[in-house]
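Participant: Give the three-dimensional model of this entry:
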Amino acid sequence: MKSKFLTAGLIAAMMVPAMAQAQTREIRNDRKELREEKRDLRHAQRYGDRGDVRDARHDVRDARKDLRESQRDWRRDTRYQNYRAPFRYQSFRVGSTLRSSYYAPAYRPAWDSRWGVPRANRNLTYVRHYNDLLLVNVRSGKVIQVYRNHFRWR
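Facilitator: A predicted model of the protein is given here:
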């Protein structure tokens, strides 16, 4: 029984990145389609009659609508909502004290060796605050280390 749940969990974990990749692929395809429709509109304006131009404008409008819907769906996806805090950006310094809502589990990314930062010791955790990475003492809420713009290129 446990192996069935474990297998189902592993399959679901493997599908999440594939679904996210499919959404970005859809946006990329919609952008490509919009570019092609705009090119067809320019061609119709140069060489076609009024009917061709009207049809091409309608196609461009539909392509824009599809792109907007794809982007809206991507933004609404809950996987992309947790990295932004529900409060304004604040520049933290070493020694600052954070409220517990700032280092709630939703803002604690799992440590990754590619970050180029050491693994957090006991009672310490990394917290993402917009593009900054903070090392925070969980017991006191004190900021131990600040990595500014750490997620800017990631």
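
Participant: alpha carbons only for contacts and neighbour counts from here, please
Facilitator: OK.

Participant: now the chain, which segments are flagged as low pLDDT?
Facilitator: Scanning the chain for pLDDT under 70 picks out 1-23, 75, 77-87, 112, 152-154.

Participant: ranges for the helices of it?
Facilitator: Under the criterion DSSP state H, the chain contains helices at 2-47, 50-76.

Participant: can you list the domain ranges for this structure.
Facilitator: Recorded structural domains for the chain (assignment: automatic domain parsing) are 2-80, 86-154.

Participant: got TSV for these, with mean neighbour count too?
Facilitator: Converted to TSV, the domains of the chain look like this (neighbours: other Cα atoms under 10 Å):
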stretch	mean neighbour count
domain 2-80	14
domain 86-154	15
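
Participant: how near is the residue in the chain sticking out farthest from the centre to A56?
Facilitator: Largest separation from the mean C-alpha position in the chain: D49, at 43.6 Å (Cα atoms, centre = their mean). Note on D49: its distance to A56, by Cα to Cα, to the nearest Å, is 11 Å.

Participant: cool, and R28?
Facilitator: Distance of R28 to A56, computed by Cα to Cα: 21 Å.

Participant: For the residue farthest from the centre of the chain, give me the backbone phi and psi.
Facilitator: Note on D49: backbone dihedrals following degrees, to the nearest 10 are phi -100, psi -180.

Participant: Run through the residues that contact it.
Facilitator: With contact set as Cα atoms under 8 Å, 6 or more residues apart in numbering, D49 has no partners.

Participant: Same question for Y126.
Facilitator: Contacts for Y126 (Cα under 8 Å, 6+ apart) come out as R108, P109, W111, A120, L133, L134, L135, V136.

Participant: ok, now which ones touch the nearest residue to the fifth one once chain neighbours are set aside?
Facilitator: Nearest-residue entry for L133: Y147, 5.0 Å, with adjacent residues in sequence omitted and distances by Cα to Cα, 6 or more residues apart in numbering. Neighbouring residues of Y147 by Cα under 8 Å, 6+ apart: D132, L133, L134.

Participant: swap the cut-off to 10 Å and go again
Facilitator: F92, R93, V117, R128, N131, D132, L133, L134, L135 (Cα atoms under 10 Å, 6 or more residues apart in numbering).

Participant: Cheers, nothing more for now.
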